[in-house]
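>>> Sequence plus predicted model, see below.
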Amino acid sequence: MGSSTATIVVLKDKTLEALNLGDSGFLLLRRQEGGYQIVLRSKEQQHHFNMPFQLGTDSSDRPEHAERVEVPVEVGDVVLLATDGVWDNMFEDEIKNMVEEIDVPQEVANRLAEKAIRIGRSEGQPTPFSMRAEEQGLFHPGGKLDDVTVVVAYVSE
């Protein structure tokens, strides 16, 4: 048996409703002067470093432990969902830059996944995971190869 983090996002009228449990998550971007800005990023939920909340047979974590958020959206907003293989290996600015460079959701998702996997295999590139490890007094240079899933959606009429 296994366990899993969970991210659920629903667009209801002009509101994004989301539940997030663990270290997968979502990012809401909005185009403004000068490019996209981060409106909201879900919060990682971890018991300890590299020990995320997870749903599973032997887990004490429950769906009601998930972070629940509601945020208004606008036409043109970009909603990006991803597993920890993305968040551990890519900085928010890298993600935002790719969204700005490519205007096809599936292509953004593919390119982000490819880059996260490439960085995950690196041995010396600074990553969000390596920086958090260092904050914990651990030495983990480079990426962290992990599951990578990316979904990108554009809010439209």
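Thanks, I have it.
>>> Give me the packing partners of the biggest helix by length in the chain, helices and strands only.
Criterion DSSP state H: the longest helix present in the chain is helix 105-120. Where contact means 3 or more Cβ pairs under 8 Å, 6 or more residues apart in numbering; DSSP states H and E, helix 105-120 is packed against strand 78-82, helix 84-87, helix 92-101, strand 150-154. C-beta coordinates here come from the backbone N, C-alpha and C atoms, glycine included.
>>> Tell me which of those lies nearest to Glu135.
Of all the helices and strands packed on helix 105-120, it is helix 84-87 that lies closest to Glu135, at 15.5 Å by Cβ to Cβ.
>>> ok so, going back, could I get the helices and strands packed on helix 105-120 as JSON lines with distance to Gln32, mean pLDDT and mean neighbour count?
Output for those, formatted as JSON lines (distance: least, Cβ to Cβ, whole Å; pLDDT from 0 to 100; neighbours: other Cβ atoms under 10 Å):
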{"stretch": "strand 78-82", "distance to Gln32": "12", "mean pLDDT": "98", "mean neighbour count": "23"}
{"stretch": "helix 84-87", "distance to Gln32": "23", "mean pLDDT": "97", "mean neighbour count": "25"}
{"stretch": "helix 92-101", "distance to Gln32": "11", "mean pLDDT": "96", "mean neighbour count": "16"}
{"stretch": "strand 150-154", "distance to Gln32": "16", "mean pLDDT": "98", "mean neighbour count": "18"}
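>>> Go through those and name the closest to Arg111.
Of the helices and strands packed on helix 105-120, nearest to Arg111 by Cβ to Cβ is helix 92-101, at 5.9 Å.
>>> That closest one packs against which elements?
Applying 3+ Cβ pairs under 8 Å, 6+ apart, we find helix 92-101 packed against strand 25-32, strand 35-41, strand 78-82, helix 105-120.
>>> Now the helices and strands packed on helix 105-120 in TSV, please, with extra columns for distance to Ser60.
What follows is those, written out as TSV (distance: least, Cβ to Cβ, whole Å):
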stretch	distance to Ser60
strand 78-82	25
helix 84-87	20
helix 92-101	30
strand 150-154	28
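>>> So which of the ones you listed is nearest Glu70?
Closest among the helices and strands packed on helix 105-120, using Cβ to Cβ: strand 78-82, at 13.4 Å.
>>> and the angle from that closest one to strand 25-32?
Using axes from the mean of the first three to the mean of the last three Cα atoms, to 10 degrees, the inter-axis angle of strand 78-82 relative to strand 25-32 is 160 degrees.
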